[in-house]
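Asks: just need the structure, nothing else, for what follows:
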Amino acid sequence: MTETITNNAEPKPVTRCVECDREVDHYVTFVNPSNETQSVCWDCQQRADKGFNTKKTWRRSARQKDIEAVTEE
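Replies: Residues are numbered from 1 along each chain as shown. Next up, the predicted model:
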């Protein structure tokens with residue numbers, strides 16, 4: 001007999017991320033030793049996993065400029 005596995009998971013409610021304070025529906029919930037729950041969005045969790053601690057709007061500005069040729073006089 002073959003059973004079909006279906007995804008019966010109900011969608012998570014929208015919650016606020018404790019790191020960036022955005023309302024998100026894709027998040028990870030952590031439970032503290034004091035039994036408090038904290039929700040962290042996937043973007044903040046990914047940055048924490050990489051150890052990349054900059055603002056979300058940070059860009060490497062040197063890569064946006066044109067390289068100028070240096071002329072010797």
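Asks: what's the average pLDDT for stretch 39-57?
Replies: Mean per-residue pLDDT for stretch 39-57: 80.
Asks: stretch 43-52: which residues count as buried?
Replies: 43-45, 47 (16 or more other C-beta atoms under 10 Å). The C-beta positions use only the backbone N, C-alpha and C, and glycine is treated the same way.
Asks: do the same with stretch 27-39
Replies: In terms of neighbour count (16+ other C-beta under 10 Å), stretch 27-39 has its buried residues at 27, 39.
Asks: can you show me the strands along this protein?
Replies: 15-16, 23-24, 27-31, 37-41 (DSSP state E).
Asks: got TSV for these, with distance to residue 56 too?
Replies: Formatted as TSV, those follow (distance: least, C-beta to C-beta, whole Å):
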stretch	distance to residue 56
strand 15-16	16
strand 23-24	13
strand 27-31	16
strand 37-41	11
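Asks: of the buried residues of stretch 43-52, closest to residue 12?
Replies: Comparing the buried residues of stretch 43-52 against residue 12 with C-beta to C-beta places residue 45 closest, at 14.5 Å.
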